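> what follows is a protein structure lacking sequence information:
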Ligand code: SF4
Ligand code: SF4
Ligand code: SF4
């Protein structure tokens, strides 16, 4: 969101991305450069352009990987992340019961609770990772964990 707020927010698609939000996500991951958004080079966006340069600095264009950390000290095994992750809900209906009692887990299952703690199983199916041209700015697990035990980052 920090990067997005300095983009033109017109969704003009000149960068080849469907939305400015998609561009912001790629910018964060180092997949595109600020100059790929050509409208930003117009004088009226000079302040935005400079702000983005300041925010990204020398990290511009350096590809980063998604990291989802679960702090097992904070986690109390409530199962909300298991229920609420849209990938779990879509591909592993048993997870809608909360604790995902089926073990071993379904192929696409991202989270399950085992021995009272959340386990991250298959980050490669997270909606934040591009698959078949689809990539989404999902942050549901991090947002709804009541213990703030989940952190999404790019490293
Ligand atoms: S070119 Fe810039 S303004 Fe247009 S969609 Fe891409 S990021 Fe948004
Ligand atoms: S929502 Fe948070 S506290 Fe609950 S199981 Fe998931 S990581 Fe643990
Ligand atoms: S970011 Fe979204 S898709 Fe990825 S693990 Fe969290 S809830 Fe699931």
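Sure thing, it's come through. Values in this document were obtained by computation on a predicted structure and should not be read as measured data. Ligands and ions are numbered 1, 2, ... in the order given.
> so does the lengthiest helix in the chain get close to ligand 1?
Criterion DSSP state H: the longest helix present in the chain is helix 46-56. No: using CB under 6 Å from any ligand atom, helix 46-56 never reaches ligand 1; the gap is at least 10.1 Å. The way it works is simple: take the backbone N, C-alpha and C, and place the C-beta from them, glycine included.
> against which helices or strands is the helix or strand following that helix packed?
Downstream of helix 46-56, the next assigned helix or strand under DSSP states H and E is strand 66-70. For strand 66-70, the packing partners by 3 or more CB pairs under 8 Å, 6 or more residues apart in numbering; DSSP states H and E come out as strand 117-120, strand 150-154.
> in strand 66-70, what counts as buried?
68, 70 (16 or more other CB atoms under 10 Å).
> got the angle for that strand vs strand 150-154?
Counting by axes from the mean of the first three to the mean of the last three CA atoms, to 10 degrees, strand 66-70 lies at 160 degrees to strand 150-154.
> what does this structure have sitting close to ligand 2?
For the chain, the contact set with ligand 2 under CB under 6 Å from any ligand atom comprises 70, 75-81, 113, 118, 145, 147, 149-150.
> and the chain, what are its domain boundaries?
With domains defined by automatic domain parsing, the chain comprises 4-59, 66-154.
> export these to TSV and tack on mean pLDDT?
Formatted as TSV, these follow (pLDDT from 0 to 100):
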stretch	mean pLDDT
domain 4-59	94
domain 66-154	85
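> now those in JSON lines, with distance to ligand 3?
Formatted as JSON lines, the domains of the chain follow (distance: least, CB to the nearest ligand atom, whole Å):
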{"stretch": "domain 4-59", "distance to ligand 3": "12"}
{"stretch": "domain 66-154", "distance to ligand 3": "3"}
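> one step back: quick one: contacts of the longest helix of the chain?
Here helix 46-56 makes contact (CB atoms under 8 Å, 6 or more residues apart in numbering) with 2-3, 6-8, 27, 34, 40-41, 60.
> pull the most distant pair out of these.
2 and 41 (20.7 Å; CB to CB).
> SS state for the spatially most central residue of the chain?
Nearest residue to the geometric centre of the chain (CA atoms, centre = their mean): residue 128, 4.1 Å. Three-state call for residue 128 (DSSP: H, G, I helix; E, B strand; the rest coil): coil.
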